[in-house]
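A.B. asks: below are the sequence and a predicted model for it; my questions follow.
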Amino acid sequence: MRKEIKLAGFGGQGIVLMGVMLAEAAGYYENMEIAQTQSYGPEARGGACRAEVVIADEMIDYTKTLNADVFVAMSQPALDRYLPEIDPETAAVFVDEMLVTAVPETVRHLYRIPATRLAEEQCGSRMAANTVMLAAVVQKTGIISLEALGRTIRERLAPRLRDINLKALEITLAYLSGGDTHETL
Amino acid sequence: MNHEKSITEIKILQGNEAVVEGALAAGCRYFAGYPITPATEIAELMSERLPPLGGVFMQMEDEIASICATIGAAFGGALACTASSGPGISLMQEGIGYAAETEAPIVVVNVMRGGPSTGMPTAAGQQDIIQARAGSHGDYEIIALMPSSSQEAFELTYRAFALAQHYRVPVYVLSDEIIGHTREKVRIPGGLRPIERKHPRERENYLPYKAGADDLLDGMPAFNEGYRLLIDGQLHSEDGNRAGHLPDVCAQLTERLCRKITGHREEIYDLETHFLDDAERVVVCFGSPARPALRAVKDARDRGVRAGYMKIRTIWPFPEEAIAALAGKARTLIVPELNVGRVVQEVRRVTAGRTEVVSLPKLGGLLHTPDEILAELMKRRRP
C-alpha cells in the first residue's frame, strides 16, 4: 500500500505543518512508514509553498509523489501550478472555497472546503485554516484515522497551538456532518 | 556488567535533525557554526541540545571562524563539528586544509544546495563532491560520506565521528537540501556508545606527528593533558617543528597524509547493493538520487530488464575496486547525479573503457524522477 498526498499554497498558511502533522499521525500512531518532503521559495511569507507526504506499509524507496491520491490547494496559483501533475480522474482534490475559485471541470472528485472562512469565523484566526483543511481531508478520504489526527494535535503540537487546533478539528467535523453541500461531484 | 538494552527508539526526523542526533550519540559536544539555508536546522537544534548535555554551542561571526573554532575544540579535547552549505563551505576551505595538515579530527556537514556562488539556497545539488575531496590547496585526502535518507543521516554522522578520530582527518557528511528537509522514521539503536577518543600511549617523550607502520598517528591528545603539542599548518617533522628546509620530511608527510586514507580505503568503504548477481545494467548512485534509482531498478526488473543497484555511502575515498569489479560483469553503468556529471568521471577512470558508462546529470535543484532513470535502464545498448 502506498498513498500520496500533495499539499500546496503560499508561505505562511502552514502548508508544511499540515504535511508534518499528517506524517506524524501516520508514522507515530498508525505504525506506517512515512516520507514528508517540501519545496519552498526564499521568501518567508507569500511565496509558493508545497509539501508532500507518502504513507506506505513498507519501506519507501522514492520519497516524493508519483501520482498523488490526494491534492490540496490552498490558493489559486497553487491549484494552477500543480494541477497538471495530478490525474484529475483519480485524485481527490480539496480546495479552499474562498481562495480557489476557478477549478477545471476535468476534476472528477472535488471538495470545496471553506477552510479559511471557518477558521476565521469560528476559531478566530485564519492560522487554523490548515487544520480545518486537514481535518476535512482525513474525514473525507480516511487516509489516516481522525483519532490519529486528534492525538497528533494533542501530543505533538506546541502547547500554545493545541487548543485552537483542537477547536479547528471540532468545528470541521461539525460542519461536515451538517450536509454535503460542500462536495461537488 | 552494565547491560544496555538494545531498544530501538523510533523518531520522525528531518535529515538535518538526524545529523544532530547522530552527532550527539557519537559524543559530539562542541558545535561552532553560522546559519545558512538549507543547513540552519542543524545549528538551531545543536543550540538547544548541546548545553543541557554539558556541551558548547558557539554561533560564530562567519564560517571561517566556525571551522577554526571547530579545529581548536578538537585539540581542546572535544568531539567537534560544524555545518554549512555552498558559500559557507567555500569559506571553510582554508581551514579544512589546515585540519587535514594538522590531522585534526573534525566533522564538517555540508547540506548541499544548488551552486555555484549563492546559487539556489532552497534547492538541492550535489555540486560540491569534487570540492569535498580537493577544495583546499595542496595534496591531502579526506573522507566523505553521503546519506540518502534520514536513517543514513543519523548512521553516517555517527560513523563520521568514529572515522575522524581513527584516521585523524576531517570527515565530511555530504547531505543535500532534499535529505536535510525530508522527514522519515529513524530507528535509533539502543545502547549506542559515544566514540571514545584514544589517547597516545607515550606521554613523556611524545612526538605528536610520529606515525605507525599503518601511517596513522597514535590516538588524539588534547592540550592540558600532559602531552607536548606543537600544531602548525606548515609542513613539519614528527615533533611538530617546521620542516620547510627538509624536502624529504615534507615529501614524506604529504605522501603519508594521502596514504593514510587511500591505503586504508577498503576498511572505509561502505556500499549497499541489490540485484547485482545477474545485472547487465547497473545504476551507480549516492545521496538523494539513490531513492528514485532504487525505485527505477525495481520497476525495470518488473519489466524483464536485468537491472542492478549500487549505492555508495563513502564517496571519498572512491570505491575503485568495487566499481572496477562491476565493469567486468555489467554491460552498462548509469550514474545519476545532481550536477553536470562529476562522479561519472571517476567511474569512467576506474572502469577504463571496459564497460559503457552513461552520465545522467540533473540540474536546477530538482531530483531525478524514477521514470527518468527507468528510461535509461530500458534503452538498448548502443552499437
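C.D. replies: Happy to help now that I have it. Keep in mind that this is a model prediction, so the values were computed, not measured.

A.B. asks: what helix or strand is A:A148 on?
C.D. replies: Counting by DSSP states H and E, the element that carries A:A148 is helix A:146-156.

A.B. asks: hang on, I meant A:T65
C.D. replies: Per DSSP H and E, there is no helix or strand for A:T65.

A.B. asks: how close does the nearest residue to it once chain neighbours are set aside get to B:I195?
C.D. replies: Once flanking residues are discounted, A:T65 sits nearest to A:E4: 4.1 Å by CB to CB, 6 or more residues apart in numbering or on different chains. The way it works is simple: take the backbone N, C-alpha and C, and place the C-beta from them, glycine included. Distance, A:E4 to B:I195, by CB to CB, to the nearest Å: 39 Å.

A.B. asks: kindly report the residues of chain A close to chain B.
C.D. replies: Within chain A, the positions adjacent to chain B are A:20, A:23-24, A:27-28, A:33-42, A:60-64, A:66 by CB under 8 Å from any CB of the partner chain.

A.B. asks: so what touches the helix ranked longest in chain A?
C.D. replies: When chain A is parsed with DSSP state H, its longest helix is helix A:159-176. Helix A:159-176 has contacts (CB atoms under 8 Å, 6 or more residues apart in numbering or on different chains) with A:114, A:118-119, A:122-125, A:127-128, A:131-132, A:135-136, A:139-140, A:146, A:149-150, A:153-154, A:157, A:182.

A.B. asks: could you pull out the buried residues of it?
C.D. replies: A:161, A:164-169, A:171-173, A:175-176 (16 or more other CB atoms under 10 Å in any protein chain shown).

A.B. asks: A:E30: how many residues sit nearby?
C.D. replies: Per other CB atoms under 10 Å in any protein chain shown, the neighbour tally for A:E30 reads 16.

A.B. asks: wait, what's in contact with the spatially most central residue of chain A?
C.D. replies: What sits nearest the mean C-alpha location of chain A, by CA atoms, centre = their mean, is A:L134, with 4.1 Å. A:L134 sits next to A:18, A:21-22, A:149 when contact means CB under 8 Å, 6+ apart.

A.B. asks: in the sheet, who's paired with the residue of the stretch 51-200 of chain B found nearest chain A?
C.D. replies: Nearest residue of the stretch 51-200 of chain B to chain A: B:R183, at 4.1 Å (CB to the nearest CB). In this entry, B:R183 is beta-bridged to A:Q36, B:Q14, by DSSP bridges.

A.B. asks: my guess is it contacts A:A35. True?
C.D. replies: Yes: counting by CB atoms under 8 Å, A:A35 is a contact partner of B:R183 at 7.2 Å.

A.B. asks: quick check: B:K210 vs chain A, distance?
C.D. replies: Here the criterion is CB to the nearest CB, to the nearest Å. By it, B:K210 lies 47 Å from chain A.

A.B. asks: show me the shaky parts of the chain.
C.D. replies: All of this refers to chain A. A:41-46, A:179-185 (pLDDT under 70).

A.B. asks: let's do chain B instead
C.D. replies: If you take pLDDT under 70 as the line, chain B has these spans: B:1-7, B:380-383.

A.B. asks: from the contact counts, what lies against the longest strand anywhere in it?
C.D. replies: The longest strand of chain B (DSSP state E) is strand B:106-114. Using 3 or more CB pairs under 8 Å, 6 or more residues apart in numbering or on different chains; DSSP states H and E, the elements in contact with strand B:106-114 are helix B:15-26, helix B:63-75, strand B:80-84, helix B:86-91, strand B:120-124, helix B:150-167, strand B:171-176, helix B:177-181.

A.B. asks: which stretch among these comes nearest B:M112?
C.D. replies: Nearest to B:M112 among those is strand B:171-176; the distance by CB to CB comes to 4.2 Å.

A.B. asks: give the pairing partners of that closest one; include direction for each.
C.D. replies: With DSSP bridges as the test, strand B:171-176 is paired with strand B:106-114 (parallel), strand B:143-145 (parallel).

A.B. asks: that strand to strand B:80-84, inter-axis angle?
C.D. replies: Angle, strand B:171-176 to strand B:80-84, by axes from the mean of the first three to the mean of the last three CA atoms, to 10 degrees: 30 degrees.

A.B. asks: if we can go back for a sec, tell me which element the residue nearest to the centre of chain A falls in.
C.D. replies: helix A:129-141.

A.B. asks: again, but for A:I55
C.D. replies: strand A:48-56.

A.B. asks: partners of that strand in the sheet?
C.D. replies: strand A:2-10 (antiparallel), strand A:33-40 (antiparallel).

A.B. asks: okay, the ones you listed in CSV with mean neighbour count and distance to A:H109 next?
C.D. replies: Shown next, in CSV, are the strands paired with strand A:48-56 (neighbours: other CB atoms under 10 Å in any protein chain shown; distance: least, CB to CB, whole Å):
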stretch, mean neighbour count, distance to A:H109
strand A:2-10, 23, 14
strand A:33-40, 22, 23
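
A.B. asks: quick one, which of those strands gets closest to B:Y172.
C.D. replies: Once those are compared by CB to CB, strand A:33-40 is nearest, at 23.3 Å.

A.B. asks: what's next to that closest one, contact-wise?
C.D. replies: Applying CB under 8 Å, 6+ apart, the contact partners of strand A:33-40 are A:11, A:15-16, A:19-20, A:22-24, A:26-27, A:47-60, A:63-64, B:12, B:122-123, B:178, B:181-185.

A.B. asks: one more time with 7 Å, if that's ok
C.D. replies: Contact partners of strand A:33-40, identified using CB atoms under 7 Å, 6 or more residues apart in numbering or on different chains, comprise A:11, A:16, A:19-20, A:23, A:26-27, A:47, A:49-60, A:63-64, B:12, B:122, B:178, B:181-185.

A.B. asks: over to stretch B:87-104?
C.D. replies: Contacts of stretch B:87-104 (CB under 7 Å, 6+ apart): B:34, B:36, B:62-64, B:66-68, B:71, B:74-75, B:84, B:106, B:108, B:110, B:118, B:128, B:135-138, B:140, B:142, B:168-170, B:217, B:231, B:233, B:257.

A.B. asks: right, and the helix or strand after the stretch of helix or strand B:R256 belongs to?
C.D. replies: If you go by DSSP H and E, B:R256 is part of helix B:247-262. Using DSSP H and E, the helix or strand that follows helix B:247-262 in sequence is helix B:265-268.

A.B. asks: list the buried residues for that following helix?
C.D. replies: Quick answer for helix B:265-268 (16+ other CB under 10 Å): B:265, B:268.

A.B. asks: give me the distance from it to the chain's centre.
C.D. replies: 13 Å (CA atoms, centre = their mean, to the nearest Å).

A.B. asks: got a list of contacts for that helix?
C.D. replies: Against helix B:265-268 from outside (CB under 7 Å, 6+ apart): B:143, B:163, B:314, B:317.

A.B. asks: interface residues of the stretch 1-150 of chain B facing chain A?
C.D. replies: B:12, B:121-122 (CB under 7 Å from any CB of the partner chain).
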